[in-house]
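>>> Provide a 3D model corresponding to the input given below.
(one chain, ligands or ions: 2)
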Amino acid sequence: MAAKMAASMVEQGEDAFRKLFKFYKRRNPPPDFSEVIDFSKKLGNETVYTAELNHGSVSDEAAFRAGLQPVKEWRAFGLQGYPGFIFISNPFLPGSQRYWVKQCLKTYTQKPNVCNLDMHMSPAETENIWEKSVGSIRKKGQREPRTLLEKLRWVTLGYHYNWDTKNYSPDHCTPFPEDLHSLSYKIAAACGFPSFKAEAGILNYYRSDSSLGIHVDESELDHTPPLVSFSFGQTAVFLLGGTKRQDAPTAMFMRSGDIMVMSGSSRLLYHAVPCIVPAHAGHPLPSCLDQRVGKDEPDADDVRTVCEKDWEVCSAYLKTSRINMTVRQVLGPGQTFPVTHSHAVPATEGSASGYEEETQTAKKRKSESGYDLD
Ligand SMILES: O=C(O)CCC(=O)C(=O)O
Ligand SMILES: [Fe+2]
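Ligands and ions are numbered 1, 2, ... in the order given. Below is the predicted model of the structure:
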């Protein structure tokens, strides 16, 4: 019944994206997820096809060092009607997602990276977010005040995205993490982009009631390189739309370990995350996160084990959260930022930015919470 409703809303055409976004965002009663593509299952769906990857571009050893299975083992898919869109269903080795989760919570939250808490707190207050939160997360009682980790909504890396002007600046750039560059580079190479350079990253931290508004990622100066997106923790519904904001989107689950590559004509498509899917009672964490790195792996150091003490905090956090990392190349080969004058009005002011019209207050809130990530 509800699935029929989803279909008929799309047929009406008029702002089909907004309607489906609301449909999946609804909580009571919960939406019918039966039309959502699930790449983790055997697919008999005519809109999904197997994507060919470049097996020779990443050696098995290089994949192993990033905590990935050999490329020939990856389950990668394309979607009919979305050329350049590639969905890789959890290619991580058992246990190795833990490393990336720990990086997002413990390492990438450190200075000089920037986070939403910096918008209204002093640098001293937002230093060591992990250390300031772990005690309370470990012994979480109902009435404890929310920790900084629980208030975290976004972190930016490399060229720091400016949520107000909606652009990047050469004046606000810090070193991009080497390990994440290496991981993203391998994914991009396997998808046919061997010269990908990770220059900017936006990490989004979702609580169980968070959503991410309809938008296009167009602030990067060159749109030829792909956008590489990684998900960890709770499952989300991801909506992939068209080149127009109203175009009806396709809904798919993004589960822990899944990777999405938006390239070619899919690079500039509208997309959104309307909801985090409630976890199954009794199984608060996806089973792939329960796995530890196999003891008989030849070189355990390289697959980056996370100590049990750290994992205890990460797993408590992830029981009600999802983390997404999107990695972007900002400049094309040899490209530089255009020269701007300090008195000039920012180029994006008043332009079609891909985001909804905002009031000043909403804008302020967005700079604190990301792309309408509430
Ligand atoms: O959380 C996601 O899956 C999407 C994130 C996203 O679209 C973005 O950061 O631009
Ligand atoms: Fe995006």
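>>> what ranges do the strands span in this protein?
Ranges of strands within the chain are 48-50, 75-79, 85-89, 114-115, 154-158, 200-207, 212-215, 227-233, 236-240, 250-254, 259-262, 271-276, 321-328, based on DSSP state E.
>>> Need the winner for burial among these.
strand 227-233 (a mean of 26; mean count of other CB atoms under 10 Å). Bear in mind the C-beta positions are built from the backbone N, C-alpha and C, glycine included.
>>> Now do that one and strand 85-89, the angle between them.
Between strand 227-233 and strand 85-89, the angle comes out at 30 degrees (axes from the mean of the first three to the mean of the last three CA atoms, to 10 degrees).
>>> Neighbouring strands - and their directions - for strand 227-233?
Sheet pairing here is set by DSSP bridges, and for strand 227-233 it gives strand 259-262 (antiparallel), strand 321-328 (antiparallel).
>>> Check whether the shortest one comes near ligand 1.
No - taking CB under 6 Å from any ligand atom as the criterion, strand 259-262 and ligand 1 are apart, separated by no less than 7.1 Å.
>>> any idea what sits nearest the residue in the stretch 1-150 of the chain positioned nearest to ligand 1, other than its immediate chain neighbours?
Closest to ligand 1 within the stretch 1-150 of the chain is F87: 11.5 Å, counting by CB to the nearest ligand atom. Of all residues not flanking F87 in the chain, F77 sits nearest, at 4.7 Å (CB to CB, 6 or more residues apart in numbering).
>>> can you pull the pLDDT of the residue of the stretch 51-200 of the chain found nearest ligand 1?
Residue nearest to ligand 1 within the stretch 51-200 of the chain (CB to the nearest ligand atom): W154, separated by 8.2 Å. Per-residue pLDDT puts W154 at 98.
>>> Check the one 3 residues further on too.
According to the predicted model, the pLDDT of L157 comes to 98.
>>> and what of the one 3 residues further on?
We have a pLDDT of 98 for H160.
>>> burial of it, as a residue count?
Residues near H160, counting by other CB atoms under 10 Å, number 20.
>>> and the residue nearest to C115 when sequence neighbours are not counted, bridged to which residues?
Spatial nearest neighbour of C115, chain neighbours left out: V155 (4.6 Å); criterion: CB to CB, 6+ apart. In this entry, V155 is beta-bridged to C115, L203, by DSSP bridges.
>>> Please list all residues in contact with V155.
C104, Y108, T109, N113, V114, C115, G201, I202, L203, Y205 (CB atoms under 8 Å, 6 or more residues apart in numbering).
>>> Now render the strands paired with strand 227-233 as CSV, adding mean pLDDT.
Formatted as CSV, the strands paired with strand 227-233 follow (pLDDT from 0 to 100):
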stretch, mean pLDDT
strand 259-262, 98
strand 321-328, 98
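>>> which ones are touching the residue nearest to H271 when sequence neighbours are not counted?
Excluding its sequence neighbours, the residue lying closest to H271 (CB to CB, 6+ apart) is L240, at 5.2 Å. Going by CB under 8 Å, 6+ apart, L240 touches L79, Y82, F85, P249, T250, M252, S266, L269, Y270, H271.
>>> What is the nearest of those residues to D38?
M252 (7.5 Å; CB to CB).
>>> Pretty sure the closest one sits against F39.
Yes - taking CB atoms under 8 Å as the definition, M252 is a contact partner of F39 at 6.7 Å.
>>> which neighbours do the two share?
Residues touching both M252 and F39 (CB under 8 Å, 6+ apart): F87.
>>> got any ranges where the stretch 251-374 of the chain has weak pLDDT?
The stretch 251-374 of the chain contains residues with pLDDT under 70 at 293-304, 341-374.
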